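Undergrad: Turn this into a structure:
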Amino acid sequence: MALISAKTIITSLCLFHITLGFFFLTSPGSVADQALVYLLGEAMGLPHSRNFESRSPALAFLAVVLGMLGISDMVTLSLPDEFSMVHHWGLQAPLRFTFSFAIVLYTFFFSASSPFYADLLSAPPPSSSADPSSSLGGSSAPGGYAPSGWGGDALKNRLFFAFMFVETVSWFWVWVTLQEENREAAVRARKAARRRSSHDY
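TA: Here you go, the predicted structure:
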């Protein structure tokens, strides 16, 4: 039997999303200054983004989305367990884990601190280019990173990496716990069926 039920973990995640949305709306700098964000960012060599230090329309939009996500996920927990925990979250947990894990991999392996991306940036530019920085889409940023102009480059910061890392670990935990609970429920159902059949005879 799992030490913490999947419903408890999902409820904690819902409250985490609602709380995070509240702080993004009121005091985004307090989120960026968290010890976990700093620790993961320093360990992975990811830059600090100053865009999270003050309130902005983009952060307000993010806060509303996180709040709606947390509330809507919490509402699903009020449904019967057979539908909510088996069918809905049985599909959502591995889907969210896969999505979060893919973004974590992208955030690190395509950042300036990644050895794979560093090899790509250190490749010599074509001889036909007069300006060496033009082959990388512009001037280089600190740390040897040259932005490509794609919006996904804005995701390569320590706060977003820390958030998706927590999401990845949490949804993997939910997925594993759900599988364990479903196996135990199946065993209990088989035992109950055998008891009913023995009473009939």
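
Undergrad: Give me the distance between the nearest residue to W171 once chain neighbours are set aside and A63.
TA: Nearest residue to W171 in three dimensions, chain neighbours excluded: F97, at 3.9 Å (C-beta to C-beta, 6 or more residues apart in numbering). For glycine as for every other residue, the C-beta is placed from the backbone atoms N, C-alpha and C. Distance from F97 to A63, counting by C-beta to C-beta, to the nearest Å: 24 Å.

Undergrad: picking up where we left off before, the residue nearest to W171: what's it in contact with?
TA: 168, 171-172, 174-175 (C-beta atoms under 8 Å, 6 or more residues apart in numbering).

Undergrad: Out of these, who's the most crowded?
TA: Comparing the contacts of F97 by number of neighbours (other C-beta atoms under 10 Å), V174 comes first, having 26 neighbours.

Undergrad: That one and I9 touch, don't they?
TA: Yes. At 5.1 Å, V174 counts as touching I9 under the criterion of C-beta atoms under 8 Å.

Undergrad: so where's this protein shaky on pLDDT?
TA: Filtered on pLDDT under 70, the chain yields the residue ranges 1-2, 113-151, 199-201.

Undergrad: let's see it at 90
TA: Where the chain drops to pLDDT under 90, the residues are 1-4, 43-54, 80-87, 107-156, 181-201.
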